[in-house]
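**Q** What follows is a predicted structure for the sequence shown.
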Amino acid sequence: MVEAGRRGRLTVYLGAAPGVGKTYAMLGEARRRCERGTDVVVGYVETHGREHTEAMVDGLEVVPRAEISYRGTTFTEMDTAAVIARRPAVVCVDELAHTNVPGSRHEKRAEDVEQIRAAGIDVVTTVNIQHLESLNDAVERITGVRQRETVPDELVRTADQIQLVDMSPDALRRRMAHGNVYRAEQIDASLTSYFRVGNLTALRELALLWLADRVDDALDDYRRDHGIEQPWPAKERIVVAVTGGPESETLLRRGARLAQRAAGSELLAVHVISSDGLANPDETRVARAQQLVASLGGTFHSVVGEDVSAAVVDFASGANATMIVVGVSRHGRVRRLFTGTTGDRIAALAESIDVHLVTHDEVARATRRHWYLSPLSRERQVVGLVASVVLPVLLTVVLEMVSDPDQLPIDVLLFLAVTVLVALVGGLVPALVTALGGFLLMNWFFTPPVRRLTISEPTNLVALLVFVAVAVGVATVVDRASRRAADAVRARTEAATMGSLSRSVLTGQDTAEAIVERLREVFGQDAVSLLARGPAGWTVVAASGTTPAGAPDDGDTRVKVDEDHVIVLCGSPLRATDQRVLEAFAVQTGLVLEHRRLREREDRAASLERAEATSTAILRAVSHDLRTPLATMRASVDGLVTGALGSEDQAELVAAVESSTEQLERLIDNLLDLSRLQSGLLHPVLRDRSLEEVLPLAVAGQPDGAVSLELDESAPMVRTDAGLLERVVANLVANAVRVSAGNTPVRVMAHVLPGSVDILVVDRGPGVPPAQRERMFEPFQRLDDTSPGGLGLGLAVARGLTEAVGGTLTAEDTPGGGLTMVLSVPRAESRAEPSVSPAQVVP
């Protein structure tokens, strides 16, 4: 009985390979359900003639299949409508990935199954692992056979129940040898090709791994639904805490080795964005860690958290991890004594998750780091040390002039102000010297008894001790603030530098010369060169400055861009911070070079595509438009050869031959001109010419009264190629005459402008809509022109020739109706001998 409004459940029998018995297992479940009184029918089953499978169908109700005719042949498919009308509790549908015969209601059987489930009917189906969409490429690499019928992974993954039907490769091959899978004539070929032991083993592993992921998802759903936060160690998952420091790569490799000890383990790297550990993690090292994780087969994750330890443990718990790998703290002994370490806090919070502490070289380096080393320049430190001695003495002299026994609180505040000032200038060490000196000076000069280091009043002793403590604290805070400010300025400078390079990429200023020039300017180097490795050694791709390096060893600083490119700088050595920026610059340069290569490849592909499109269009045109004049000429010649025609008929045929020949000449000339324009083989000879020489020749071939040439003798000379200009005007006039209405002649005029002369070809034809005017200048565009003998090349060739001689060709409306072609030609700067010289064409 089907419940109204309920979606049917889906049970999938997943076969590790063909022939493992998934259909048999599906029918076995159907028989068991029937025995329990469930209403079960068979919607579709494919027995492939196997006796044991056919025997399992006996006793089950089978819904008749639908017959579909396709190309004169009748096929059978599952009758989905009949199954829904029957409304059983469960229906068995074999071969979920099957593609239905054209003409069926749905393209895929999986869609039929979804329709049946939407009707509230449970479905039991079968599918082999090689038919899953995500594994299609992997199966093809293993077996050499690409599966044409696939099913989306999501449909199978979201099934209510998945049963794996598996069999060892040797057992499956024995089944085949006994004839339980394929017919006798197919056994030998199958055993030596698709059903090799290696293929079957790989398919079996794919099925097990895919199903293991599905089981893992189900376990996560169960833990989430039941509020279980404690990890269940059903599968080894190693979480590596990455700080972004130099030890990150060591931790990742150690975590990968731990993950490799158990089959099916996962490696996850987590980076917490926080101020703990490293105030400013190196983005280059973080990016390198991401690449390393990917190469090790793991995944990289970034999370935000105020407490690094809690964030790492929360992530590991959510990922159901079994172990956390964390590095030994790089902090000094004093800080570890008072604040503890990240590893200790993770171990305290991890509960049932194992914590693996990994030592690394940075621990030893951290113990050798000195607290008194300052990031400030040497000049500022020297000035600070001088001020730490001079300023307290000067303040003491001034205060001695204003001798007041009750001014000790004011003295303390003034010496504290001097300490802060020295900390701002020279950092922590000069500030500590100032604090110690101020303590001694105030004790000697201003604390009774004066001129002695003893202190009579306890309150004065407390005041001086508080001064020292506050001075040390304030100096420390000021020193840290100055360090953070310096870091911020450096980060802003680095961001501005990288932003400048990014803008150059986006604006197209990404030539190799621009890159090296920008590097030389940013880092103040004498010379910068970009080198490429070739068969003959290193070659200079681009260089800037004096005496650039020709090999990596010739420079003072070098950084690797990729396997075949290196940047070499000649000049003063770079600081460590600048070296980091240079490495980021190199990464960006590699992206620029790759972008250039891809763009050049795209340009070449686009050029080839345009050439292919032109060739295809030409072939289409040749097959149609050139066939008409050839057929006319052939028919005319055949009629003339017979000799049985009268003189008038012969004259008419001769005229037809002449007309067809002229048509062929025009088409071939246009094709040749278009080819020369696109290949860059047309080289005009520009000289000063008179329009009186060019325009009469351009309109000479038109019928009497068809063209009206209106040219003023005072028209200035133009700078052009006479032969090409004549071709353009003749082409425009011929088009205008063809489309002009009635007996209205086409007008050809010259309009003089300050820097050019516009040649106007005015017709009274139907005109062209503004939206199509640019399109009509493209090759093979005839728009609504249905006159015979044209390829749609005339205007494309005319514009190309016009641009070749330095002019422009546009179209405008003719007042009162029609189209005006405006051919703008540059005016001549000086008069010259009017000699006609045709264009030089490279054949």
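**A** That came through, no problem. Residues are numbered from 1 along each chain as shown.

**Q** Count the neighbours of Ser309 for me.
**A** Other residues within reach of Ser309, judged by other CB atoms under 10 Å, total 24. From N, CA and C alone the C-beta is placed, and that goes for glycine too.

**Q** residues contacting it?
**A** Counting by CB atoms under 8 Å, 6 or more residues apart in numbering, Ser309 touches 342, 345-346, 349.

**Q** In helices only, show me these.
**A** Secondary-structure check on the contacts of Ser309 using DSSP state H: residues within helices are 342, 345-346, 349.

**Q** Would you mind putting the residues you listed into JSON lines with distance to Asn128 and neighbour count alongside?
**A** Written out in JSON lines, the entries for these read as follows (distance: CB to CB, whole Å; neighbours: other CB atoms under 10 Å):
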{"residue": "Thr342", "distance to Asn128": "49", "neighbour count": "23"}
{"residue": "Arg345", "distance to Asn128": "50", "neighbour count": "19"}
{"residue": "Ile346", "distance to Asn128": "45", "neighbour count": "22"}
{"residue": "Leu349", "distance to Asn128": "46", "neighbour count": "18"}
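
**Q** Flag whichever of these scores worst on pLDDT.
**A** Minimum pLDDT for the ones in helices among the contacts of Ser309 is recorded at Thr342 (76).

**Q** give me phi/psi at Glu205?
**A** Dihedral pair for Glu205: phi -70, psi -40, per degrees, to the nearest 10.

**Q** no, scratch that, I was asking about Thr38
**A** When read as degrees, to the nearest 10, the backbone of Thr38 gives phi -80, psi 140.

**Q** ok, for it, nearest residue in space, not its chain neighbours?
**A** By the measure of CB to CB, 6 or more residues apart in numbering, the closest residue to Thr38 outside its immediate chain neighbours is Ala89, 5.3 Å from it.

**Q** And the ones in helices among the contacts of Ser309, which is closest to Val382?
**A** Relative to Val382, the closest of the ones in helices among the contacts of Ser309 is Thr342; by CB to CB it sits at 37.3 Å.

**Q** Can you verify my assumption that the closest one contacts Val313?
**A** No. Counting by CB atoms under 8 Å, Val313 is not a contact partner of Thr342; they are 10.8 Å apart.

**Q** and Val739, how many residues sit next to it?
**A** Val739 is flanked by 18 other residues according to other CB under 10 Å.

**Q** what's the distance between it and Ser544?
**A** 58 Å (CB to CB, to the nearest Å).

**Q** What of Leu695?
**A** Taken as CB to CB, the spacing of Leu695 relative to Ser544 amounts to 53 Å.

**Q** Name the residue in those two with the higher neighbour count.
**A** Leu695 (24 against 21).

**Q** is it true that that one lies in a strand?
**A** No. Residue assignment for Leu695, taken from DSSP: H, G, I helix; E, B strand; the rest coil, gives helix, which places it outside any strand.

**Q** residue contacts, it?
**A** For Leu695, the contacting residues are 709, 711, 729, 748, 750, 759, by CB under 8 Å, 6+ apart.

**Q** ok, of those, which one's closest to His131?
**A** Nearest to His131, judged by CB to CB, of those is Val729 at 67.1 Å.

**Q** correct me, but the closest one touches Leu760?
**A** No. Counting by CB under 8 Å, Val729 does not reach Leu760; the two are 10.6 Å apart.

**Q** Pull up the overlap in contacts between these two.
**A** 748, 823.

**Q** So which of these two has more stuff around it?
**A** Neighbour count, other CB under 10 Å: between Val729 and Leu760, Val729 has more, with 24 against 18.

**Q** which helices and strands does the strand or helix carrying that one pack with?
**A** When elements are assigned from DSSP states H and E, Val729 belongs to helix 722-739. Counting contacts by 3 or more CB pairs under 8 Å, 6 or more residues apart in numbering; DSSP states H and E, helix 722-739 packs against strand 687-689, helix 691-698, strand 746-752, strand 756-762, helix 794-804, strand 819-826.

**Q** Least reliable of these by average pLDDT, please.
**A** helix 794-804 - the lowest mean pLDDT of these, at a mean of 78.

**Q** so after that one, what's the next helix or strand?
**A** Counting by DSSP H and E, the element after helix 794-804 in chain order, helix or strand, is strand 808-813.

**Q** Report the separation between the residue nearest to Arg773 when sequence neighbours are not counted and Val762.
**A** In space, Arg773 comes closest to Ala811 once its chain neighbours are excluded; the distance is 4.6 Å by CB to CB, 6+ apart. With the distance defined as CB to CB, Ala811 ends up 11 Å from Val762.

**Q** For those two, list the residues in contact with both.
**A** Taking CB under 8 Å, 6+ apart as the criterion, Ala811 and Val762 both touch Thr820.

**Q** Tell me where the stretch 201-350 of the chain is predicted with low confidence.
**A** Where the stretch 201-350 of the chain drops to pLDDT under 70, the residues are 215-235, 262-264, 274-283, 330-340.

**Q** In it, mark out all the helices, start to finish.
**A** With helices called from DSSP state H, counting those that start in this stretch, the stretch 201-350 of the chain shows them at 248-260, 283-295, 308-318, 333-339, 342-350.

**Q** May I have the third one exported as PDB, CA atoms only?
**A** Looking back up the chat, that one is helix 308-318. Output in PDB follows, covering the C-alpha atoms of helix 308-318 (Å, rounded to 0.1, in the frame of the first residue of the first chain):
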ATOM      1  CA  VAL A 308      44.600  29.400  17.900                       C
ATOM      2  CA  SER A 309      44.500  26.200  20.100                       C
ATOM      3  CA  ALA A 310      40.800  26.200  20.500                       C
ATOM      4  CA  ALA A 311      40.300  26.800  16.700                       C
ATOM      5  CA  VAL A 312      42.600  23.900  15.800                       C
ATOM      6  CA  VAL A 313      40.800  21.500  18.200                       C
ATOM      7  CA  ASP A 314      37.400  22.600  17.000                       C
ATOM      8  CA  PHE A 315      38.400  22.000  13.400                       C
ATOM      9  CA  ALA A 316      39.800  18.600  14.200                       C
ATOM     10  CA  SER A 317      36.700  17.600  16.100                       C
ATOM     11  CA  GLY A 318      34.500  18.700  13.300                       C
END
